[in-house]
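> here's a sequence, model it:
(3 chains)
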Amino acid sequence: MSSGEKYVAAAYGVVFLVVLAYVVIIAAKLARLERETAELAELARARSAPSTSNG
Amino acid sequence: MTYFADVAALARKDLRLELRARDTLPAMLLFVVSTLVVFHFALPADAGELAAQGLLWLALVFTALLGLARAWAPERESGALDGLVLAPCDRSAIWLGKALATFVFLGVISAVALPAFAVFFAPVSWETVAGVALANAGICAVGTLLAAMAAASRTRELVLPLLFLPLAIPLVVGGVGASISDDPGRFLAFLGLYDGVFALLCWASFEYVVSE
Amino acid sequence: MSTSYPNRPARGGRLPALAAVTALLVGLAIVFAFFVAPEDADQGISQRIFYFHVPIALTAYACFGWAAFKALLLLWRKEERYDLESYVAVHQGTIFGALTLATGSIWAKASWGHWWLWSENQLVLFLVLFLFYSAYFMLRFSIEEGPRRANISAVYALFGVVLVPVSFLAIRLAENVIHPTVFTRDGPQMTGTMFLAFCVAWVAITLLAYTLYRVELAGKRLDANLRELREALTT
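Alright, predicted model coming up:
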């Protein structure tokens, strides 16, 4: 590859990588949100059935 | 016109406080002179007059930063800012009064810094003086509002320079240009434009900075 | 201030469709940039960087403008959701601003052999803006969450939008006297196909920014709603 081609590839590559990094961050956030929602679902269940809770 | 009476009262209060306490102004004066001396050692031997002109503006900007960090200190320390905000005066009057007082302080600093610069480095032209006056106005207008923003922050001494420096860049361009260019009028006009635009913006938005 | 994170089940369903259209358009833009548009006679292949670099820069400006618009709405209508929308827009603008600097720097190296050119007004302007909006985050995250933080962030976002033309003027003035132009940049004389490729890329990048904006906004709203839910369930 000529040096010109390398630079073009680098420029487009940077954009691509940043968007990919965004996807990774969103995926991590999704995992955290899933965990939180599960926790909150547990809390809600415990609340709505107090007689069977381990309180 | 109670608005301007309020502004005058607020500005006078700040000036009187400083005259009595005398803590900020002497420190700023010493700082600006020390900075100029440091710059002498920072400049290589063959650096021309032009480089020194640039450094004058650096000295002024950083000295202003020093003063601005303390701009709202009296109100913070006595909890008076809440009182002022609740007072029946227009909130923008608080900003204008504070900015005017700061302008006077910067004027005093410049009155010492410019002769010192003329003695240490190179003579100072009338265009430079005009540039300093116009730039000081911009620094006061924007700096006072930014200092109020920083006052709400946990890291206020750290965050104020970060907020201030990008907004100070056009002022430095205007000032240095007025000092060294063949057509200083353009740069002075630009400084006037900056002052007008940002003073208007600060005047209109200050009440949102201090209210909930 | 009224708390209102509107639940938008109908709009939420459109987000995947939006993302799909964006992906398609970005792909199309790449095809246009590399296979349809002719090679520039003067600059050779490195001119193709422009097809992304300029739209990214324009999109960054648009994000900052959008953020200022939402900030204005916040100060006027005082609804909490405008704070989040303004913040996410600033975030997107900063990301695209950083991308502008990166792609611009690579272009500068490809064309002139230097990673940075003070004579390139657009790049210098973006550097100043990048510093300004980076300080936005420093400011925002050092203030306690609440209406005060929202107001201050909004006023700062408005300052940013005013700074753009003022800084541009300053840089234009500076280049003639303080930093004389050593390298002149011949703007690419665009033929019809080149212009078409540019327009396709512009639409694609704008849509990309909007998609990322909506995704991030949805994530942050979810965060806030979950936090409210947690508070409601643990008291």
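> drop to CA atoms for contacts and neighbour counts, all remaining ones
Noted.
> pull the distance from the strand or helix carrying C:L196 to the chain's centre.
Taking DSSP states H and E as the criterion, C:L196 maps to helix C:192-233. Helix C:192-233 sits 11 Å away from the centroid of its parent chain (CA atoms, centre = their mean, to the nearest Å).
> give me the mean pLDDT for it.
The pLDDT scores in helix C:192-233 average 90.
> cool, stretch C:26-46 as well?
Stretch C:26-46 comes out at a mean pLDDT of 81.
> spell out which residues of chain A are next to chain C.
Contact residues, chain A versus chain C (CA under 8 Å from any CA of the partner chain): A:3-5, A:7-8, A:10-12, A:14-15, A:26, A:29, A:33, A:36-37, A:40, A:43-44, A:47.
> recalculate using a threshold of 7 Å.
A:4-5, A:7-8, A:11, A:15, A:40, A:43-44 (CA under 7 Å from any CA of the partner chain).
> next: chain B.
So far as CA under 7 Å from any CA goes, chain B lies against chain C at B:149, B:152-155, B:159, B:162-163, B:166, B:170, B:173, B:177, B:181, B:194, B:205, B:208-209, B:211-212.
> 8 Å - rerun?
B:149-150, B:152-155, B:159, B:162-163, B:166-167, B:169-170, B:173-174, B:177, B:181, B:187, B:190, B:194, B:201, B:205, B:208-212.
> count the neighbours of B:V38 for me.
11 (other CA atoms under 10 Å in any protein chain shown).
> and the contacts of the helix or strand hosting it?
Counting by DSSP H and E, the element that carries B:V38 is helix B:24-42. Helix B:24-42 is contacted from outside by B:18, B:55-56, B:59-60, B:63-64, B:66-67, B:70, B:105, B:109, B:112-113, B:116-117, B:120, using CA atoms under 8 Å, 6 or more residues apart in numbering or on different chains.
> quick check, C:F96 in contact with C:V54.
No: with contacts counted by CA atoms under 8 Å, C:F96 stays clear of C:V54, the gap being 10.9 Å.
> please say which of the two ends up with more neighbours.
C:F96 (26 against 19).
> and that one, what element?
helix C:80-112.
> right, is that helix up against chain B?
No: shown here: helix C:80-112 not in contact with chain B (CA under 8 Å from any CA), separated by at least 12.2 Å.
> what's the angle from that helix to helix C:192-233?
For helix C:80-112 against helix C:192-233, the angle by axes from the mean of the first three to the mean of the last three CA atoms, to 10 degrees is 140 degrees.
> now the element after helix C:80-112, going C-ward?
Next along the chain after helix C:80-112, taking DSSP H and E as the criterion, comes helix C:121-140.
> restricting to C-alpha, output that following helix in CSV.
Provided in CSV are the C-alpha atoms of helix C:121-140 (Å, rounded to 0.1, in the frame of the first residue of the first chain):
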residue,chain,number,x,y,z
ASN,C,121,-8.4,27.2,10.7
GLN,C,122,-11.0,24.5,11.1
LEU,C,123,-8.6,22.2,13.0
VAL,C,124,-7.6,25.0,15.4
LEU,C,125,-11.2,26.0,15.9
PHE,C,126,-12.0,22.4,16.8
LEU,C,127,-9.2,22.3,19.2
VAL,C,128,-10.5,25.3,21.0
LEU,C,129,-14.0,23.8,21.0
PHE,C,130,-12.7,20.5,22.2
LEU,C,131,-11.1,22.2,25.2
PHE,C,132,-14.2,24.2,25.9
TYR,C,133,-16.6,21.2,25.8
SER,C,134,-14.1,18.9,27.7
ALA,C,135,-14.3,21.5,30.5
TYR,C,136,-18.1,21.1,30.3
PHE,C,137,-17.7,17.6,31.6
MET,C,138,-15.3,18.7,34.3
LEU,C,139,-17.8,21.3,35.4
ARG,C,140,-20.8,19.0,35.2
